[in-house]
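Colleague: Just to be clear, the model below is a prediction. Sequence and coordinates:
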Amino acid sequence: MSESLSPKETPESVDAEVDVLEHSMPLPKKVKKMKKTKAPTKNAYNNTRIRVVLGLIGLLFGSLIAHSVYMRTEHYKDIAVHGRDRIIRSIKEPALRGMITDRDGNVLAISRYLRVPTFNPQAIYAPKRMGDEVNWDVISDEQFKQLSDILGLPEAEVREKLKDVSKKYWNPKVELSLEQADELKKLKIPTLRFEERSQRTYPTGNLFSHIVGFSGKQGKGLEGLERTEDSNLMGEDGIQYVLRDRRGNVVELINSPENKSARPGQTLVLSVNQEIQRLARTELQKTIRRFNARAGGVVVLDAQTGEILALSSLPDYDANFYQDYPTENFRNFAVGVTMEPGSVFKPFVVAKAIDDGKITRYTNFNTLPFNIGVKTIRDVHNYQTLTTEGILQKSSNVGTSKIAAMYPNQDLYDFYSEIGFGRKTDSGITGEQFTPIKPASQWVPLDKAVMSYGYAITANLLQMAQAYTIFTTDGKLLPATIFKRDGTPDGEPVIKPETAKLMREMMISVTRQGGSGVSGAIEGYDVAAKTGTAKKIVGGSYEDRYRASFVGFAPAQNPRLIVAVTIDDPRGKGYYGGLVAGPAFRGVMSGSLKILGVPPTYPSNHEVQPKVLKAKEKSAEEAALETEILPE
């Protein structure tokens, strides 16, 4: 049988014959029936691949869902914080520095909020939809005009800056008050937002500059109380959480438990009286001009509390424009310069000896010149004999030298230290200078003598005024302070109350006829005082340049005020303490007593009214200076 098919045979016919044969002829037992198979089709293959891909995709999505559920449950807080940080920001609300006021509440330093406007020019004119043209009419001509008026800038400049769409930020660098900022808001300029700043101002300008000082643009104190009290004045900044849009504009304030209001700094209430301070500066300014002096200072103390009612130094500066002044103007002459005080020191030596019972008011002294080594101690006139009170009235160098000679060096050193010399007053005034007292073991005999009339020992003007409180109280040294006190301090006992009372009576003689301080006499009041004129050391040796001083208190028997005046390097019209500093003392003391309403001691026509010293007259102390023997 041939294997080839005849032309009439087709695959279908052959299959049919095979089927017939299979049913008609039995197969051998060992021959198994072959199962007919079909080749896989193309559609079946594609279905399988789709199933695999879908399965993988399903697996992937399942993993993502599982991960999402895991993250949602396990890291919900982290996700929430991360998402919030992308749209929520905190704004710092700067705290205002605390105010500084005088004792009556008059403002000496104050801060206020300022708002700096900013704009986003690119966003102002951005089309609302992609492809739209820029709308240059967003801001009207009238809005531009009002905007330039509020900003204080030329309208052309404002237009140019706001229409520069290449910029996303414009800060006109203009600080607006809150009222001006509200006016600007009403214009409804798109993208307007504000940056808050604070500004420190000093309403009294020069008047308290040496006391208050100033702070810088960053709000940090740089001079005076602004610097030393910086931590109290600073306050604490606040925080406000806000919602911003994609351009950074604040669209909503968020009520968050983390919000914190700014806490303003502490208000400092000073002891000073603005009227007395203005009076002191005016009198000081007149005196410096009149005598062509280099500098000067005035201190006014409450004689019963030690509070500083006025402290003025010249030259000074305006704290609002401190950068326009030379740095030497920042020096507070009243505390920043130590000097040999001269004869204003004499009452302390006299008080010491009276308190110890070594002398009385009427003890007589031989006041003829005497020698210490090769040096001669003398007065202007050979009085031959003076009482203790006469030593004060005539300002006798010989007399105080002989009183000092009654004591060992250490006793005087300890006494001078007790009344505040050789150390700071700790009054709160910044820039205070002091010079330690020369150790007693190093004193030579001449040191003890010249110290008794104010040489070889130094003090600043505030130290001198503070030391005089032992005479105005019951013998206690009151600590001076620039801060207002609620009561009277205890003070440190130095001399007996009866000694202080006696010194008050004796020192009145200085401003009465024949005394060295008649130029400081005030009509209607008993004034106790002492003048001083001291040569200056220049280049290590004494030269004919001076400091003129006048320190006293009134009313003498019931003291209300202590006034201390020093004029540095007066030239041209005299240099004596009574002549130069006396009139300034009188002007400050008399005006201050009136301001405080202190009644006169006696009627103005009282017969003991002293004659005011004329410019050409010399007091005993002033004449004595010409022959004073000074230490080399």
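Modeller: Here it is on my side, so go on. Numbers count the residues shown, from 1 in each chain.
Colleague: Nearest residue to the middle of the chain?
Modeller: Among the residues of the chain, the smallest C-alpha distance to the mean C-alpha position (CA atoms, centre = their mean) belongs to Glu226, namely 0.5 Å.
Colleague: Now do the contacts for the closest residue in space to it that isn't next to it in sequence.
Modeller: The spatially closest residue to Glu226, leaving aside those adjacent along the chain, is Gly213, at 4.1 Å (CB to CB, 6 or more residues apart in numbering). Bear in mind the C-beta positions are built from the backbone N, C-alpha and C, glycine included. Shown in contact with Gly213 (CB atoms under 8 Å, 6 or more residues apart in numbering): 221-227, 319, 430.
Colleague: List buried members of the residues you listed by neighbour count.
Modeller: For these, a neighbour count by 16 or more other CB atoms under 10 Å gives the buried set as 221, 223-227, 319, 430.
Colleague: State the three-state secondary structure for the residue nearest to the centre of the chain.
Modeller: Classification of Glu226 using DSSP: H, G, I helix; E, B strand; the rest coil returns helix.
Colleague: Please renumber the chain so that the first residue is 13 from this point on.
Modeller: Let's use 13 as the start, then, which means that last one is Glu238.
Colleague: That one contacts Phe226, doesn't it?
Modeller: Yes. Glu238 is in contact with Phe226 according to CB atoms under 8 Å; the separation is 5.7 Å.
Colleague: Widest-spaced pair of the contacts of Gly225?
Modeller: When the contacts of Gly225 are compared pair by pair using CB to CB, the two farthest from each other are Ala331 and Thr442, 13.3 Å apart.
Colleague: How far does the helix or strand hosting Thr60 sit from its chain's centre?
Modeller: In this assignment (DSSP states H and E), Thr60 forms part of helix 54-86. Helix 54-86 has its C-alpha centroid displaced from the chain centroid by 71 Å (CA atoms, centre = their mean, to the nearest Å).
Colleague: Equivalent analysis for stretch 239-255, please.
Modeller: The gap between the average C-alpha position of stretch 239-255 and the chain average comes to 15 Å, counting by CA atoms, centre = their mean.
Colleague: Report the mean per-residue pLDDT for that stretch.
Modeller: When the per-residue pLDDT values of stretch 239-255 are averaged, the result is 85.
Colleague: Contacts for it, please.
Modeller: Residues outside stretch 239-255 that contact it (CB under 8 Å, 6+ apart) are 99-110, 112, 225, 227, 231-233, 238, 262-266, 268, 270-278, 280, 440, 442.
Colleague: try stretch 451-458
Modeller: Around stretch 451-458, the neighbours that count as contacts under CB under 8 Å, 6+ apart are 384-385, 387, 420-422, 424-425, 643.
Colleague: Of these, which pair is most distant in space?
Modeller: For the contacts of stretch 451-458, and using CB to CB, no pair is farther apart than Lys387 and Gln422, which are 22.7 Å apart.
Colleague: Who has more neighbours out of the two?
Modeller: Taking neighbours as other CB atoms under 10 Å, Lys387 and Gln422 compare with Lys387 leading, 16 against 12.
Colleague: Phi, psi for the more buried one please.
Modeller: phi -100, psi 140 (degrees, to the nearest 10).
Colleague: where along the stretch 313-462 of the chain do the helices fall?
Modeller: Here the stretch 313-462 of the chain has its helices, by DSSP state H, counting those that start in this stretch, at 345-348, 358-367, 400-406, 409-416, 421-430, 457-464.
Colleague: okay, now the domains of this structure?
Modeller: 100-125+210-253+271-282, 132-203, 286-637 (automatic domain parsing).
Colleague: Pick the most deeply packed of those.
Modeller: Highest mean neighbour count among the domains of the chain (mean count of other CB atoms under 10 Å): domain 286-637, with a mean of 21.
Colleague: average model confidence for that one?
Modeller: Confidence for domain 286-637, expressed as mean pLDDT, is 92.
Colleague: what's the single longest strand in this protein?
Modeller: Across the chain, the strand with the greatest residue count (assigned by DSSP state E) is strand 553-566.
Colleague: tell me the angle of the next helix or strand after that one relative to strand 553-566?
Modeller: Secondary structure here is assigned by DSSP H and E; on that basis, the next helix or strand after strand 553-566 toward the C-terminus is strand 573-580. Between strand 573-580 and strand 553-566, the angle comes out at 160 degrees (axes from the mean of the first three to the mean of the last three CA atoms, to 10 degrees).
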